[in-house]
Every structure is written in C-alpha cells, then in structure tokens.
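Trainee: just a sequence and a predicted model for now, questions to come.
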Amino acid sequence: MVLMNPVISKLTGKLVVLASASPRRLEILTNVGLRFEVVPSWFKETLDKRLFKMPHEYAVETAKQKALEVAKRMPFKHLKTPDIVIGADTVVTVDGLILEKPVDKQDAYRMLSRLSGKEHSVFTGVAIILCHEKEGEEIDYQVIDFYEETKVKFADLSDDLLWEYINSGEPMDKAGGYGIQALGGMLVEYVHGDFLNVVGFPLNQFCKKLSLIFSPPGSLKQNKIQTSPQGSPVDTVPPAEPAASSPSGSPTHNGPPDSQGQNIPSASTAHNVKQEESGCGEGEVPWTLVNNLSKSSENGEAEPQGISDPAAPDLTSRGTMQMQNVREHETEDIKEKLSKMIELMDGFKASKVLFTASKLRVFDVLRSSKTGELQAEDVAQGIKASLKGTERLLEACVSLGLLQRTGKEYANTAMSRHFLLSDGPLSLQGYIQHCNELVWPLFTHLETAVREGTNQHEKAFGKTSDNLFQDAYYSRHEVKLRFMKAMHSIAKVSGRDVATAFDLSKYKTACDLGGCTGAMAYEFAKAHPGLSVTMFDLPEVIEMSGHFRPHDADDRVSFVAGDFFKDELPKADVYILARILHDWSDEKVHILLSKIAKACNPGCCVLVSEIFLDEDRKGPSRGLLQALSMTEGRQRSASEYSLLLKSHGFTSAQIKHTHNLLDAILCVTE
Ligand SMILES: C[S@@+](CC[C@H](N)C(=O)[O-])C[C@H]1O[C@@H](n2cnc3c(N)ncnc32)[C@H](O)[C@@H]1O
C-alpha cells in the first residue's frame, strides 16, 4: 500500500519527469506514490571535478545539467513540456577524491579497497526544474537544487570478500562501487544520516523542498511555530475548517512541522474550491490554479472566491522567491562558466609564466637565499633580468600559486619546492623545459596540424622527422640532453607508483625497453629486491645515461644498447614498456609486441605504462592534449591496451590507475 504523502500529492496532475535511469531512484519515488515518466538524461557526466571546490557542488551541478537537458529536449523530441523535471547525481567521496561508478572490476577493487575500514561521505545532488510554458514565449526554467550528505563507515574488508563482492557484478553501476540496499549492505559498519540518500535519492529533503516550493514561507504566515515549555514545537494555527465553511474557501494548511520549521500540509486539512475541477486529490494546490491566481492579481482582476484567505499561499512572494532563486542560480552558473572560460583563454599565459620562471631559475634563486626569501630587486639581479619585468613575473607567479609574498619578500610555495627546484628529487624542470622548447612551438602550429592531420615538426623546427627520436630529438647534443631530462623527470615522479603497481616478486629479471635514462629501471630495482633490470635503449641514449646515474645506483641495473625494432631483445621475465607504445604506428607496435612475444617464455609478462584514456575517450585531458602534438602513434584506454596485448598472446590483464602521471597494465603470456 502506498501512503498518500501530502507533499508528493501536490505533484498529482502534473507531468513529472525523472531524468534518471537509476532503478533505485525510480523505486524510491514510486514507493511514495509519485506518478512520473522516466526520461533518462543524455547529459554526459563529464564536468571537470577540479572546477568544484566541494564534492557536493559537482553532484548538484551534474544533477542540474541532467535535469535541464531533459527539460529542454522534451518539448522538441517528445512534443510535450514537462511541468517538473527531477535530476539527481550521487557521488562517494573519500580522502578528498570523488568516486563515481567503476569502469571495470579493477576500478571497483580500487574504489572499495580505498573505502575499506574508513568513513566516507555520500553526496546526492538533486535539481528540481520547474518548467513554465507561456504561449508564444520561450519556456521558463526555474531551478531549485540542494544536496544531502550521509556518512557511511565500511568495516575492514579482506581482499577475498572484496573480490567476491566485485564478482557478484553489483558494484558496476553504482557510485563508489557498492549498493547499500543489497549485498553491499554487508560491507557497512554504520550509516549516519539519510539511508535513502546512500541508495541514490534523499527523499526526506526532497519532500521538504517540495513543501517549500508549493507552500513557501509566505503562505504559512499564520502557521508560526512556538516552542512549548518542554521545548517541543506547537502549531498555533487554529484547527483548519473545511473549505466550505472557511470565509474564503481558500487552501489552508495545518500539518506537522518539518524539521526546518515549515509545516508540511496535512492531507486531511488542506482543501480548495477547485479540487473537483482540477481533479486533484485532497490537500493539493493545483499548479494551474496557482498560476492563474498570480495572473489575475497582477491584472487587477477580481480574485476568484476562495483566494483571499491570508493563510493561502502567498503566490507573489513565492514567485519572487523562486525568481530570485533562479536568478542567483543563473548568475552562479554563468559565473562558473565564465571562470572556466577565462581559465581556458588564459591557460597558455599561465603555462608560459611557469616555463619562463623555470627557465630563468627564479625558484632556484629564491631557494639559494639564506632565508628563502628575496625582494624583487634581488631576484631581478639573480636572474639577470629587468626589475620591471621581474616584478611582473613574480606577481604573476604569486597569482598562480607558484610563489608566495609577505610584504616585499617573495618565497617558493610548497608546490614549487617539490617540483620546481632544478635539483629536487621530484623536479619537473626537465619536462617543463621540454614543453617550452619543443611542445610549445608544435602547438603554435596546431591549426595546421588539425587541418592537415600531420605533425608539424617541419614547420616548427625547419626539418622533417621520419623517426622522431633519431631525426628530431637526438640530432643535436643539447636537444637530446633536454629530451632525456624531460623523460627523466616524469619517470622520477611517476616511477615509484608504476614500479609498485603489481606484485612482481615471482620474477627474477626485467627489461625496460626504451628505458632512456634508467630512472624507471632503478625504481623497479628499488621496489623489487629480487629483480635484476636491464635497461635497453638506442646507443646514442645509452652513451649519455651515465649523466643520470643516481649516487646510490643499484648494481642490479645494467644497460644494453640496441634498436628494439631491429635487434634481438635481452631475455627477461618481465618486459617493461613505459611511454613507448603511444609513440608508434599500429604497424610498428605490432612489430615490437611480436618480438617481445617471441622472446617470452610461458608465464612471462609485459608491463605497459602509459596515460590511460577513459573508456569513453573523454579524458583525461592530459592524454588528449598530448595526442594533438603526437606523430604517428595514438593514445589508448586500458581496455584497448588489454586487447592489443591479448592479440599477441598476453592475457589476464591487471590494470592499475595510479593517480600519478602514468597508469599501468600487466599481462601474462599463456
Ligand atoms: C618517450 S621515451 C620513454 C622513456 C622511458 N621509458 C620513460 O618512460 O621514461 C621513449 C624511449 O624510447 C627510446 N627508443 C625510441 N626508439 C627506439 C628504438 N628503436 N629502440 C630502442 N629504444 C628506442 C627512446 O630513446 C626513448 O628513450
């Protein structure tokens, strides 16, 4: 049996649309007697999470965009305008990360193991779109949105339990990788807050919002809440009279106060004279009537009987409240979009400030002072630049978070100390200079690159490059050194996460093909005490690798010169391909993988480390932006790499999204 919820019943007679295909939301709303159509949104959940300060802002914005997409599509595609569209989006957050639906089992495992033994938050953002269609005019959309947070704690979960749960298939279409209402309930130690919010829809707050929309504060002037001496709320409105005996016959509301001090009208006391006409149930205020009322008042026409009761909804103030709400939302929305636009328009300036400050060694100069602080004059002297230009550069660096300033003194921020000092263990200086000297010129020819679908090396550097490495990067000593420094810095930052992505304890030997400076090889040796690593690269690279030898170099790392397309590959149990495959045409990739497959004994494996594209190729933008200046190769998703490796006999893929610069996949030969 369905309880006749007085707030939900206010939607009777309206075309209510749920812009979500989630069976759980459908069930929650159906269970409370709401009649609605389901029109799943086509809005792709691709908002850039970094643009939102708080996770709930992301959930609310996604809910809003989902609902608006349906509200705007229906008049054209379904040839009807809904009255109300409801959108919702649920996200799980832990350790400052937003977890959505897992893309595969490995992703589900990553999410669930992150949640194990910890408290996390579940946020559902909800948007209620009220659509007003006026004849001959554009449809007006009013947006009311809100969010609910529920805290959930998981018990400590063993890997066996996690995999059993993952293999049940339940996690795959659920935010955070679990469903609390089914098997996933077993993982939960406690829930603080609205349980249904975790399932996917905060019903309680939704009802309160409906109550505010349809009986806003102005309509409840007389329904003051007093606190009794015992502290419990007392409704001071006199018992409602039946409509017929009310002087005006207008709707009056008298019901239990909700937790926000608003009265949710009770079905037994709310009446209106249009009830039969509108076909609405008891306790309803028909939307059409509400609209007509505001119109007739505006026109100065006599109000129909039953409208002038002071307890009736204050339609004007309600309209004003909603319009204000909408304007605020619209303004916020536009501001958000504008700030994203500005970020995109100015992005190249910010990059160039970083490149220039790095090239001029601003960060090293600041670090070298006794106190770590310098005034602009001293920095100008240190970097041999004009005072005026230096001041501008330093101020711009402060605005970008690269420097901090106290009074007249400039100093490095923690981020700069980590990544921008030239001799720091995680220095990105090498890569930054590579971007400045090589990638930047290529990007100045992006338009031609897009028009022609070719790489622009010739335009940018005045010569063709059939083989990027031998013709472009290694043609001049300083260019080669710069390229190697760039590879070295990325390998230093990401190497540890790649090296520890999988359990390699059963393997004795590894070969890092195209290992460049050996940075990755040393990370593998460090992470796996039983592993000897051969670093294999072109002779012109090997001859310079001594430059990058760490002071505590492990003698389990050795260097072999050769061409992986032409020469015999060193024998190994594990072949590492870090940032290799994306550079080459499919044909060359197949040549290389065939050679590796031939060199492998059963049980050997290939570990590929690359930027993995999302399965729908909508991100991450770092990978997609890089592709724009690539030559013959291409970026792939984890499953594309998996398929590629499978076609060469490497199966049982394990995938690791490291949340560092490079992800990794491990496949074993049969
Ligand atoms: C993009 S870098 C990746 C470096 C390293 N694996 C890393 O992740 O830091 C590509 C590497 O492949 C090497 N390489 C290119 N062609 C090669 C070939 N035919 N044989 C061996 N190594 C090659 C390059 O010298 C370079 O070091």
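Mentor: Nice, thanks for sending it over.

Trainee: quick check: closest non-adjacent residue to the residue of the chain found nearest the ligand.
Mentor: Proximity of the chain to the ligand (CB to the nearest ligand atom) peaks at residue 514, 2.7 Å away. Backbone N, C-alpha and C define where each C-beta goes, glycine included. Computed as CB to CB, 6 or more residues apart in numbering, the closest residue to residue 514 that is not its neighbour in sequence is residue 580, at 4.6 Å.

Trainee: for that neighbour, the count of nearby residues, please.
Mentor: Residue 580 has 20 neighbours, counted by other CB atoms under 10 Å.

Trainee: which residues touch it?
Mentor: Contact analysis of residue 580 by CB atoms under 8 Å, 6 or more residues apart in numbering lists 513, 514, 592, 608.

Trainee: burial count for the second one?
Mentor: Right, the one you point to is residue 514. Neighbours of residue 514 (other CB under 10 Å): 21.

Trainee: quick one, phi/psi of it?
Mentor: Backbone geometry at residue 514, expressed as degrees, to the nearest 10, gives phi 70, psi 40.

Trainee: what sits against it?
Mentor: 536, 537, 564, 577, 578, 579, 580.

Trainee: how far away is the residue of the chain closest to the ligand from residue 469?
Mentor: To residue 469, residue 514 is 9 Å away according to CB to CB, to the nearest Å.

Trainee: same check on residue 625?
Mentor: Where residue 469 is concerned, residue 625 sits at a distance of 21 Å (CB to CB).

Trainee: who has more neighbours out of the two?
Mentor: Comparing residue 625 with residue 469 by other CB under 10 Å, the one with more neighbours is residue 469, at 17 against 12.

Trainee: how about residue 189, secondary structure?
Mentor: With DSSP: H, G, I helix; E, B strand; the rest coil as the basis, residue 189 sits in strand.

Trainee: tally of neighbours for it?
Mentor: Counted with other CB under 10 Å, residue 189 comes out at 12.

Trainee: now swap in residue 407 and tell me
Mentor: Here the number of neighbours of residue 407 (other CB under 10 Å) works out to 7.

Trainee: quick check: phi and psi at it.
Mentor: Per degrees, to the nearest 10, the backbone of residue 407 is at phi 60, psi -120.

Trainee: who's in contact with it?
Mentor: By CB under 8 Å, 6+ apart, the contact list for residue 407 is empty.

Trainee: hang on, the earlier thing: now, which of the contacts of residue 514 lie within strands?
Mentor: Counting by DSSP state E, those place 536, 537, 577, 578 in strands.

Trainee: residues contacting the last one?
Mentor: Shown in contact with residue 578 (CB under 8 Å, 6+ apart): 491, 498, 512, 514, 515, 520, 608, 609, 610, 662.

Trainee: now do the strands in the stretch 1-150 of the chain.
Mentor: Assigned by DSSP state E, counting those that start in this stretch, the stretch 1-150 of the chain shows strands spanning 16-18, 37-38, 84-94, 97-99, 119-132, 140-154.

Trainee: picking up where we left off before, quick check, nearest of the contacts of residue 514 to residue 357?
Mentor: Among those, residue 579 lies closest to residue 357 (CB to CB), at 26.3 Å.

Trainee: okay, and the beta partners of the closest residue to the closest one other than its chain neighbours?
Mentor: Spatially, and ignoring its direct neighbours in sequence, residue 579 is nearest to residue 610 (6.2 Å; CB to CB, 6+ apart). Beta-bridge partners for residue 610, by DSSP bridges, are residue 663.

Trainee: only alpha carbons, please: show the helix or strand where residue 160 lies as PDB.
Mentor: Using DSSP states H and E, the element containing residue 160 is helix 159-167. This file holds the C-alpha atoms of helix 159-167, laid out as PDB (Å, rounded to 0.1, in the frame of the first residue of the first chain):
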ATOM      1  CA  ASP A 159      40.600  -8.900  -0.500                       C
ATOM      2  CA  ASP A 160      38.700 -12.200  -0.700                       C
ATOM      3  CA  LEU A 161      35.500 -10.500   0.400                       C
ATOM      4  CA  LEU A 162      36.100  -7.600  -2.000                       C
ATOM      5  CA  TRP A 163      36.600  -9.800  -5.000                       C
ATOM      6  CA  GLU A 164      33.600 -12.000  -4.100                       C
ATOM      7  CA  TYR A 165      31.500  -8.800  -4.000                       C
ATOM      8  CA  ILE A 166      33.000  -7.400  -7.200                       C
ATOM      9  CA  ASN A 167      32.400 -10.800  -9.000                       C
END
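
Trainee: what about residue 486, how many residues nearby?
Mentor: Residue 486, neighbours per other CB under 10 Å, totals 24.

Trainee: which residues touch it?
Mentor: Counting by CB under 8 Å, 6+ apart, residue 486 makes contact with 430, 431, 433, 434, 435.

Trainee: which residues are in contact with the last one?
Mentor: Applying CB under 8 Å, 6+ apart to residue 435 gives the contacts 351, 355, 486.

Trainee: so which residues on the chain come close to the ligand?
Mentor: Where proximity means CB under 6 Å from any ligand atom, the interface of the chain facing the ligand comprises 469, 487, 490-491, 514-516, 520, 537-538, 541, 563-565, 578-580, 583.

Trainee: related to what we said a few turns ago, in TSV: the contacts of residue 578, plus distance to residue 341.
Mentor: Supplementary listing: the contacts of residue 578 in TSV, determined by distance: CB to CB, whole Å:
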residue	distance to residue 341
491	35
498	35
512	42
514	39
515	42
520	38
608	37
609	34
610	31
662	30
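
Trainee: sorry, back to before: closest to residue 396 out of the strands of the stretch 1-150 of the chain?
Mentor: Minimum separation from residue 396 across the strands of the stretch 1-150 of the chain (CB to CB) falls at strand 97-99, 30.3 Å.
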